[in-house]
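> with the input below, show me the fold.
(one chain, ligands or ions: 1)
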Amino acid sequence: MISIRDLRVDYDNLCAVSDLTLEVGDGEVCGLIGPNGAGKTTTMRTMLGLIEPTYGSIVIDGVDVREFPREVNAIVGFMPDFPPIYEDLLVWEFVDLFAASYRIPRRERRDRVDRYLAVVGLTEKRNEGIPGLSRGMRQRLMLAKTLIPDPQVLLLDEPASGVDPQGRIDLKNIIKQLAGEGKTILVSSHILSEMNEFCTSVAIMERGKLVVGGRIEEVNARIMGASLLAVEVLDDTAAFLRVVAADPHAGEPVLRGGAYEFRFQGKAEEASELLARLIGEGVRVASFSRRKENLEELFLKVGAKELA
Ligand SMILES: Nc1ncnc2c1ncn2[C@@H]1O[C@H](COP(=O)(O)OP(=O)(O)OP(=O)(O)O)[C@@H](O)[C@H]1O
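Numbering: from 1, shown residues only. A predicted model of the protein is given here:
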């Protein structure tokens, strides 16, 4: 469990994180999302006790980071965005090196190394050299290394950055599996498209501040509305606009690429009733589609300050 309260972090004159309150429970994957410079890395480094906060508290699994930074290090596994990697080792040797640094006895090490290579899907690469690994495989190797001490909490800083699409799917599945085992995971990204598939909650940061946060469904319901409707009408736009304006679930239509788009807070049945009313009023509907808004659109909106 991660619990951050009223966190503020300053670098000299720059406030990198301000008023950040965030909770991530066991078995949860929280997506820490924001553009470059939003404060994601600073937040993670502060959670590790590497940066002293100006004020606020961070408690991880009941341990206060400020008071007991060493204890926190035993609970948290951190994977930086571009971690150093020793090129002249074999895959298993790299993980074994870290197992040795955690003083895991030699006889237990082999099992431990093989277990985590299997978790990250690198068993087949066990005896290969690191230079031959793709960026995605390197990230998985770093994850195996991070998992060696069996941390309850994982902080993954942009793990998918520079990774190809298949590599991202692999990472996503591994993260899901780890959450399924009850780990608490905070994963940062500025690429949103795949985050909504495996995160249980999101915290969207912009210039050090949390702009929106909460469980994915709540964020969907609160901010994005249930769905987005796109309707293409042939002629009678006035009648169309009148019917939509009278619908309690519909937001204001905006003409985009020949179709009117608007947020719709109702269910599928209510969307279907709206379509029936439009047709009943003589509006010639050429197309009518309803889709869920995804996080990427939310992020664009957040960036565009539409939520103010
Ligand atoms: N060591 C430092 N000294 C001074 N300013 C810093 C330092 N590290 C980061 N910053 C500044 O703090 C702000 C937050 O940076 P941070 O790296 O936490 O953002 P981020 O969301 O992780 O971005 P990125 O995706 O680029 O890593 C930025 O304005 C950055 O320039």
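> helices or strands next to whichever strand or helix holds Arg115 in the packing?
Applying DSSP states H and E as the criterion places Arg115 in helix 106-119. Packing partners of helix 106-119 (3 or more Cβ pairs under 8 Å, 6 or more residues apart in numbering; DSSP states H and E): helix 91-101, helix 135-147, helix 165-180. For every residue, glycine as well, the C-beta is placed using N, CA and C.
> what would the ones you listed look like in CSV with distance to Asn36?
Shown next, in CSV, are these (distance: least, Cβ to Cβ, whole Å):
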stretch, distance to Asn36
helix 91-101, 29
helix 135-147, 19
helix 165-180, 19
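> so for the helix holding Arg115, what gets flagged as buried?
109, 112-114, 116-117, 119 (16 or more other Cβ atoms under 10 Å).
> before we move on, what about stretch 21-29?
By neighbour count on 16+ other Cβ under 10 Å, the buried set for stretch 21-29 is 22-24, 28-29.
> contact residues of the stretch 101-250 of the chain facing the ligand?
The stretch 101-250 of the chain has residues His190 near the ligand, with proximity defined as Cβ under 6 Å from any ligand atom.
> would you pull up the residue in the stretch 101-250 of the chain closest to the ligand?
The minimum distance from the stretch 101-250 of the chain to the ligand, using Cβ to the nearest ligand atom, falls at His190 (5.7 Å).
> give the contact list for that residue.
Counting by Cβ atoms under 8 Å, 6 or more residues apart in numbering, His190 touches 33-36, 38, 158.
> which among these end up buried?
33-34, 38, 158.
> closest to the ligand among those?
Ala38 (3.7 Å).
> apart from its chain neighbours, what residue comes closest to that closest one?
Leaving out its chain neighbours, the residue that sits closest to Ala38 by Cβ to Cβ, 6 or more residues apart in numbering is Met205, at 4.2 Å.
> shaky segments in the chain?
Along the chain, the model assigns pLDDT under 70 to residues 191-194, 220-226, 292-308.
> and Val211, how far from Leu141?
34 Å (Cβ to Cβ, to the nearest Å).
> hang on, I meant Ile175
The separation that Ile175 has from Leu141, given Cβ to Cβ, amounts to 15 Å.
> one more: Asp111?
18 Å.
> repeat that for Glu93.
Distance of Glu93 to Leu141, given as Cβ to Cβ: 11 Å.
> the two: who's more crowded?
Leu141 (23 against 15; other Cβ atoms under 10 Å).
> residues contacting Gly162?
Counted by Cβ under 8 Å, 6+ apart, Gly162 has contacts Arg135.
> SS state for it?
Counting by DSSP: H, G, I helix; E, B strand; the rest coil, the backbone at Gly162 sits in coil.
> one step back: run a quick neighbour tally on the residue nearest to Ala38.
The tally of other residues near Met205 (other Cβ under 10 Å) stands at 25.
> pretty sure it sits in a strand.
Yes - with three-state DSSP as the criterion, Met205 is located in a strand.
> can you pull the contacts of it?
Residues near Met205 by Cβ under 8 Å, 6+ apart: 17, 20, 32-34, 38-40, 43, 211.
> beta partners of it?
Leu210 (DSSP bridges).
> Leu186 versus that one, what's the distance?
In terms of Cβ to Cβ, Met205 sits 12 Å off from Leu186.
> got any residues that touch both of the two?
Shared contacts of Met205 and Leu186, defined by Cβ under 8 Å, 6+ apart, comprise Leu32.
> outline the domain layout of the chain.
For the chain, the TED database gives the domain ranges 2-218, 227-292.
> gap between the first one and the chain center?
If I follow you right, that is domain 2-218. Between the centre of domain 2-218 and the centre of its chain there are 11 Å (Cα atoms, centre = their mean, to the nearest Å).
> equivalent analysis for the shortest one, please.
Taking Cα atoms, centre = their mean, one finds the center of domain 227-292 at 32 Å from the center of the full chain.
> and the buried residues of stretch 21-29, which is closest to the ligand?
Lowest distance from the ligand to those (Cβ to the nearest ligand atom) belongs to Leu22, with 14.1 Å.
> now for Leu275, how many residues are close by?
Applying other Cβ under 10 Å, we find 17 residues neighbouring Leu275.
> who's in contact with stretch 125-134?
Surrounding stretch 125-134, the residues in contact under the criterion Cβ under 8 Å, 6+ apart are 85-92, 94, 114, 117, 137-138, 141, 163-164, 167.
> narrow those residues to those that are buried.
Those of the contacts of stretch 125-134 that meet the buried threshold are 91-92, 94, 114, 117, 137-138, 141, 163, 167, by 16+ other Cβ under 10 Å.
> which of those sit farthest apart?
With Cβ to Cβ as the measure, no two of those lie farther apart than Asp114 and Val163, at 23.6 Å.
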